[in-house]
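>>> The sequence isn't on hand, but the structure is:
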């Protein structure tokens, strides 16, 4: 009997280990992807958001279950009824975060986004309203959110600390300039500031910009990622109270950054939490059987 248990344990442990090596081939899923206009690159990019590859799936069916049902008219209609929205309201909600219905292929992703956006709509509307005078656009909101999605998950705490410091130091120009510096560092952005006069752009630092409360020139702020890709441009018209404008910009960027981190956790964290490979669990069961079998075998030898 003990020999039988040991044999079964070995089969389970190493049989599951063998199955781990069985992975989906792109050729197996290409016909399915083509139904939705996806290419191999589209799938690889999507999986990368969740730190996954095709090697994490043993069969096409498992990948399909993980992706969930595709976006269809019937699925969207059910979603609209569930959240008591019209199609126009849904488009407006997505647009607030720089998205459209065409950005979604899978219903689970769309559903998670709508849930999150409904909770966050008022905050994001406030950000848009506050920064609209600085030419902040929905496309820039999308670029900001897409950028934050690539950052380490611990940035929200730093943004909260910077927001608290800004609230305490609104009359401290040194603190305002330092919050700007720390904000850019946390979001891994490069911030170039310019004073625009007679068609020429003169670079200035945050400290230099804050030295004058108002200016007779326009101020241009360009935010880019570390690779130089432009995320957003903000423009302060001439005779704007520069200090108040920078404080407001910092405040709303801190809010938008925190929303982006919440979005990352909600839209991507939940799916990542459900992506633990079943083969790991199977291997653990196999190893457990193996351990029991070896224990019984050893006990028999001792006796």
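Everything's here; your move. Quantities reported herein were computed from a predicted structural model and do not represent experimental measurements. Numbers count the residues shown, from 1 in each chain.
>>> Identify all contacting residues around whichever strand or helix holds residue 128.
Taking DSSP states H and E as the definition, residue 128 sits inside helix 107-131. Helix 107-131 is contacted from outside by 67-72, 75-76, 79, 83, 85, 90, 93-94, 96-97, 99, 101, 104, 136, 138, 141, 234, 248-249, 251-252, 255-256, 259, 262-263, 266-267, 270-271, using C-beta atoms under 8 Å, 6 or more residues apart in numbering. Any C-beta I mention is one placed from the backbone N, CA and C, and that applies to glycine too.
>>> Quick check on residue 228: phi, psi?
phi 90, psi 0 (degrees, to the nearest 10).
>>> Quick check: bridge partners of the closest residue to it other than its chain neighbours?
Using C-beta to C-beta, 6 or more residues apart in numbering and skipping residues adjacent in sequence, the residue nearest residue 228 is residue 190, 7.7 Å away. On the basis of DSSP bridges, residue 190 is bridged to residue 224.
>>> all helices for this protein, in order.
According to DSSP state H, the chain carries its helices in the segments 2-20, 26-34, 40-49, 60-67, 73-83, 87-96, 107-131, 138-149, 155-168, 173-187, 206-210, 242-263, 270-273, 278-302.
>>> Please identify the most buried of these.
Across those, averaging neighbours per residue (mean count of other C-beta atoms under 10 Å) puts helix 242-263 on top, at a mean of 21.
>>> what's the offset of that helix from the middle of its chain?
Helix 242-263 has its C-alpha centroid displaced from the chain centroid by 17 Å (C-alpha atoms, centre = their mean, to the nearest Å).
>>> could you say what helices and strands that helix packs with?
Applying 3 or more C-beta pairs under 8 Å, 6 or more residues apart in numbering; DSSP states H and E, one finds that helix 242-263 contacts helix 107-131, helix 138-149, helix 155-168, helix 173-187, helix 206-210, strand 218-225, strand 230-236.
>>> How far does the helix holding residue 128 sit from its chain's centre?
13 Å.
>>> end to end, how far does stretch 28-40 reach?
Terminal residues of stretch 28-40 lie 11 Å apart, using C-alpha to C-alpha, to the nearest Å.
>>> start the count at 591, not 1, going forward
Noted, 591 is the first residue going forward, which turns the last one into stretch 618-630.
>>> Residues contacting it, please?
With C-beta under 8 Å, 6+ apart, stretch 618-630 has contacts from 616, 632-633, 644, 650, 653-654, 660, 695.
>>> 6 Å instead?
616, 633, 650, 660, 695 (C-beta atoms under 6 Å, 6 or more residues apart in numbering).
>>> what is the mean pLDDT for that stretch?
The predicted model gives stretch 618-630 an average pLDDT of 92.
>>> any weak-confidence spans in the stretch 591-740 of the chain?
Residues of the stretch 591-740 of the chain that meet the criterion pLDDT under 70 lie in 591-612, 720, 723-724.
>>> Could you give the separation between the terminal residues of stretch 670-682?
13 Å.
>>> quick one on the thing from earlier: so which of the helices of the chain gets nearest residue 820?
Nearest to residue 820 among the helices of the chain is helix 728-739 (7.9 Å), distances taken as C-beta to C-beta.
>>> ok, back up a step: so can I have TSV of the helices and strands packed on helix 832-853 showing distance to residue 625?
Output for the helices and strands packed on helix 832-853, formatted as TSV (distance: least, C-beta to C-beta, whole Å):
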stretch	distance to residue 625
helix 697-721	15
helix 728-739	26
helix 745-758	37
helix 763-777	38
helix 796-800	51
strand 808-815	34
strand 820-826	34
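>>> Nearest to residue 788, out of the ones you listed?
Per C-beta to C-beta, nearest to residue 788 of the helices and strands packed on helix 832-853: strand 808-815, 11.0 Å.
>>> between that closest one and helix 763-777, how big is the angle?
30 degrees (axes from the mean of the first three to the mean of the last three C-alpha atoms, to 10 degrees).
>>> List the contacts of residue 832.
residue 799 are the contacts of residue 832 under C-beta under 6 Å, 6+ apart.
>>> Quickly note the distance from it to residue 625.
Separation of residue 832 from residue 625 (C-beta to C-beta, to the nearest Å) stands at 54 Å.
>>> Same question for residue 831.
Taking C-beta to C-beta, one finds residue 831 at 55 Å from residue 625.
>>> And those two? Which one has more around it.
residue 831 (13 against 8; other C-beta atoms under 10 Å).
>>> pLDDT wise, what is the more buried one at?
pLDDT, residue 831: 87.
>>> Show me what it is bridged to.
residue 804.
>>> Who's the closest spatial neighbour of residue 652, skipping the chain neighbours?
With C-beta to C-beta, 6+ apart, the residue lying closest to residue 652 is residue 614, at 7.6 Å.
>>> before we move on, what about residue 653?
Nearest non-adjacent residue to residue 653 (C-beta to C-beta, 6+ apart): residue 647, at 4.3 Å.
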